[in-house]
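*Asks:* Take this sequence and fold it.
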Amino acid sequence: MSERTATGVGSALRRTRDAAMLTIRRRDAALVFTVTTAGYLLVYLWAIGHLAPGLGGFEVVVVDGAVGQLFTQARGPLAFRPVARVSLGPLTYLFSLNTVLGAGIAALVGLNLALSYLAYTSPRACGVGSQSAGLLASVPALLSGSACCGPVVLVVLGIQASSVLLTAFQLLLPVAVLALVVSLVLVGRQVNGETV
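*Replies:* Down below sits the predicted model:
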């Protein structure tokens, strides 16, 4: 990698970091980030079966050797066994490493949509009129749900999927995360915090 390329990448990453911090400082963008992140995480947990209706009561059950079993895979790559169950009245929540992965993906989706919101409300500050980023950059954020929740959508629609198709959905998760990061950098590098 040449020195010029490294400088350009470093500059893009710094501007993206500054843009992400701007979404936290602005109330409207912070609200978009918070609601999107929380909503996406809840849907993600429900889709993988780690958030479900409960039978009432309040209880916390942790498996023996939870820390050692935290990284135990369940059904395939990037699917981990629950190590704790929390019953909160009408809801039952299963904690696993999937929650941590889901929270990371949800934060990326939230940041992408918050920056897209800034691009929509302050197009000049984000360079939407002069470059191809902006609202189009939110497309990976919206489509990434199919990589996480695609099998559930197939079941809901009543389509029987082969194991090859289900494996493809599991392998799309890293691709979706990469697309979210690239989208975040593409939009974030164009945000000028001084004009927002």
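
*Asks:* Rounded mean pLDDT for the helix or strand encompassing Val43, please.
*Replies:* Assigned by DSSP states H and E, Val43 belongs to helix 27-47. Average pLDDT, helix 27-47: 92.

*Asks:* got the buried residues for the next helix or strand after that helix?
*Replies:* Downstream of helix 27-47, the next assigned helix or strand under DSSP H and E is strand 51-53. Residues of strand 51-53 classed as buried: Leu51 (neighbour count, 16 or more other C-beta atoms under 10 Å). Placement of C-beta: from N, CA and C, glycine included.

*Asks:* Identify the residues contacting strand 51-53?
*Replies:* 42, 45-46, 90-94 (C-beta atoms under 8 Å, 6 or more residues apart in numbering).

*Asks:* By neighbour count, which of the residues you listed wins?
*Replies:* Leu45 (21 neighbours; other C-beta atoms under 10 Å).

*Asks:* ok, so of the contacts of strand 51-53, who is nearest Leu70?
*Replies:* Closest approach to Leu70 among those (C-beta to C-beta): Leu94, at 12.5 Å.

*Asks:* returning to what we had before: for the helix holding Val43, packing partners?
*Replies:* Applying 3 or more C-beta pairs under 8 Å, 6 or more residues apart in numbering; DSSP states H and E, one finds that helix 27-47 contacts helix 3-25, strand 51-53, helix 97-121, helix 139-157.

*Asks:* Tell me the strands beside the second one, with direction?
*Replies:* To tie it back to what came earlier, the one meant is strand 51-53. Within its sheet, strand 51-53 is paired with strand 91-95 (antiparallel), according to DSSP bridges.

*Asks:* Report the inter-axis angle for the strand it pairs with versus helix 27-47.
*Replies:* For strand 91-95 against helix 27-47, the angle by axes from the mean of the first three to the mean of the last three C-alpha atoms, to 10 degrees is 90 degrees.

*Asks:* what mean pLDDT does strand 91-95 have?
*Replies:* For strand 91-95, the mean per-residue pLDDT is 92.

*Asks:* Report the inter-axis angle for that strand versus helix 97-121.
*Replies:* 100 degrees.

*Asks:* Just the C-alphas of strand 91-95, formatted as PDB.
*Replies:* The C-alpha trace of strand 91-95 is given here as PDB (Å, rounded to 0.1, in the frame of the first residue of the first chain):
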ATOM      1  CA  LEU A  91     -40.500 -12.600  27.600                       C
ATOM      2  CA  THR A  92     -37.800 -15.200  27.700                       C
ATOM      3  CA  TYR A  93     -34.300 -14.100  26.600                       C
ATOM      4  CA  LEU A  94     -31.400 -16.500  25.900                       C
ATOM      5  CA  PHE A  95     -27.900 -14.900  26.200                       C
END
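
*Asks:* I'd guessed Leu184 sits against Leu113; true?
*Replies:* No - Leu184 is beyond contact range of Leu113, at 10.4 Å (criterion: C-beta atoms under 8 Å).
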